[in-house]
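Q: What shape does this take:
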Amino acid sequence: MKIKYMIKLLFIIGIGFISGKIGVRELYDLKRPFKFEKYKTAFQLEEEIKRRFPNKTDVHEAIKILNDSRARCIIKTSYESTYPYIHKGAKYIVTCSYQSDFLALNPLVKYRAIFQTDENYKIIYSGAMRVNDAFVI
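A: So this is what the prediction gives:
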């Protein structure tokens, strides 16, 4: 009898935790300035990145917005980067990576925004990727 009670109690606590996590995440998502999950294809994501951060804008503005959206941004010089397509005149390459939460609709999807800038940190190229991962057992 005690085991059934403990199982029920653990089940109720688990359901409470999951619903609380989802509720808090949804409230927190209202504050995010850029929602990667909104874009279902890589093409849609890339078009929105290019529209939101056009060429000749300061990359620090993009970094601030994407960091506030829980993405991790890294600035590298073009010769340090392993990015294969470096445009002529690119001095810095910024990559911003975002992974969905494990309770999201697509928890295995990773998003990446790429900016190539000149020496004044003005964007000369922007692009984006959406990658589906899978568990390997």
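
Q: Any regions of this protein where pLDDT drops low?
A: For the chain, the stretches flagged by pLDDT under 70 are 1, 21-30, 80-83, 102-106, 133-137.

Q: ok, which stretches of it are strands?
A: For the chain, the strands defined by DSSP state E cover 72-77, 92-99, 109-117, 123-132.

Q: Can you show me the helices along the protein?
A: Secondary structure of the chain (DSSP state H): helices at 2-29, 42-52, 59-68.

Q: show me the contacts for residue 7.
A: By C-beta atoms under 8 Å, 6 or more residues apart in numbering, residue 7 lies in contact with nothing. Any C-beta I mention is one placed from the backbone N, CA and C, and that applies to glycine too.

Q: Can you tell me how far it is from residue 14?
A: Applying C-beta to C-beta, to the nearest Å, the value for residue 7 to residue 14 is 10 Å.

Q: Kindly report the same for residue 117.
A: 46 Å.

Q: more crowded one of these two?
A: residue 117 (26 against 10; other C-beta atoms under 10 Å).

Q: How many neighbouring residues does the residue nearest to residue 50 when sequence neighbours are not counted have?
A: Of all residues not flanking residue 50 in the chain, residue 126 sits nearest, at 5.4 Å (C-beta to C-beta, 6 or more residues apart in numbering). By the criterion of other C-beta under 10 Å, residue 126 has 22 neighbours.

Q: for the spatially most central residue of the chain, which residues make a bridge with it?
A: Nearest to the geometric centre of the chain sits residue 98, at 2.2 Å (C-alpha atoms, centre = their mean). Counting by DSSP bridges, residue 98 forms beta bridges with residue 111.
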